[in-house]
Structures are given as structure tokens and as C-alpha cells.
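Asks: Just need the structure, nothing else, for what follows:
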Amino acid sequence: MKPHPTGERPPLDLLLVEDDEVDVLAMRRALVQCALPHRLHVASDGQTALAVLRRRPVAAGSRWLVLLDLNLPRMGGLQLLAALRADGALAAVPVVVMTTSSDSNDVRAAFRHQVAGFFSKPLDPLQAAATMSTITAYWMLSELP
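Replies: Numbers count the residues shown, from 1 in each chain. A predicted model of the protein is given here:
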């Protein structure tokens, strides 16, 4: 990625794909505590997430990261991963799974779809903030495709 004209990286565009409003609020609180420059987009299912990514093109210089729950209505997380990886314009968007599922089949299936990480949703607010801080700090420093 080319350096940003001001020498700073642009904010991270985070797409949180989550249908539980309590989890969305917890994630918002955790992101505030991280003090990370970001724009948060929220989709409650896989179909809406695809629409967000297609409506707001993943252009050169943008820094998108998808935070994905697997258990979603209409289009589940694994179906969304398959659709992303099949779409040439979206195939390289990094996805981090954050879910309540600890099913080893879900973990293997997610990694077959080239996820960047798989995390259990922290129940404790302090642990949630620490997890989000770690994930977002890593991606803020990383070069993204």
C-alpha cells in the first residue's frame, strides 16, 4: 500500500457482521476503549454484509477488516465467507471470526475459507476490550491487500 499523503494510515473500515444487539454494543464499547481510528459499519446478516462491501467498494488505499459472527440469519457466516472468496473484488478482504461457536468443524471450515483468525467472543467486558485492542492494533499496523 502506498503511504498516506499525511504520513498516517487511513482509518480502518471495520465491518462488524453481528445479529445480536448486545454483542454490537459490547463491540462498540471495546472499540472506543481501543482509541483506534476507525469507521464502524454493522451488518446483521451475510446478505447485508455483502451489500455493504459492494456498495462501499474496497478501493486502493482503503483498509477493510471484517469481524464475523458465524451464527447469522438469512446468510450464515460460512456462506458469507464462501461468497467473499468467490468474488474477485472482495476475495482478499481479511476476515476475523468472532463467535460463540467452539465447534472444531466451524474452525476448520472457517480456515478453509482463509480467515485471518478465529476467536471466541469474550464474555467479560475487559477481556472483550483487550481482545479487540489486540486484533485491531495488529490490523492497523499490517499491510492490507
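Asks: which of the residues in the host helix or strand of M140 are buried?
Replies: Assigned by DSSP states H and E, M140 falls within helix 125-141. Of the residues in helix 125-141, 128-129, 131-133, 135-136, 139-140 count as buried by neighbour count, 16 or more other C-beta atoms under 10 Å. Bear in mind the C-beta positions are built from the backbone N, C-alpha and C, glycine included.
Asks: quick one: W139 and A89, what's the gap?
Replies: 20 Å (C-beta to C-beta, to the nearest Å).
Asks: for A130, same thing?
Replies: Distance, A130 to A89, using C-beta to C-beta: 33 Å.
Asks: do the same with T48
Replies: Distance of T48 to A89, computed by C-beta to C-beta: 17 Å.
Asks: Neighbour count: the two, which is higher?
Replies: Neighbours per residue (other C-beta atoms under 10 Å) separate T48 from A89, with T48 holding more: 20 against 12.
Asks: Secondary structure class of that one, three-state.
Replies: The three-state label given to T48 by DSSP: H, G, I helix; E, B strand; the rest coil is helix.
Asks: Could you do L80 as well?
Replies: Look at L80: counting by three-state DSSP, its state is helix.
Asks: what's around it, how many residues?
Replies: Residues lying near L80 (other C-beta under 10 Å) number 27.
Asks: what about the residue nearest to it when sequence neighbours are not counted, distance to M132?
Replies: Nearest residue to L80, sequence neighbours excluded (C-beta to C-beta, 6 or more residues apart in numbering): G46, at 3.4 Å. Using C-beta to C-beta, G46 is found at 21 Å from M132.
Asks: Kindly report the same for L36.
Replies: For L36, the distance to M132 (C-beta to C-beta) stands at 8 Å.
Asks: what does L126 give?
Replies: Taking C-beta to C-beta, one finds L126 at 11 Å from M132.
Asks: overlap in contacts of those two?
Replies: Shared contacts of L126 and M132, defined by C-beta atoms under 8 Å, 6 or more residues apart in numbering, are absent.
Asks: Spell out, range by range, the strands that occur in the chain.
Replies: 12-17, 38-43, 64-68, 95-99, 117-120 (DSSP state E).
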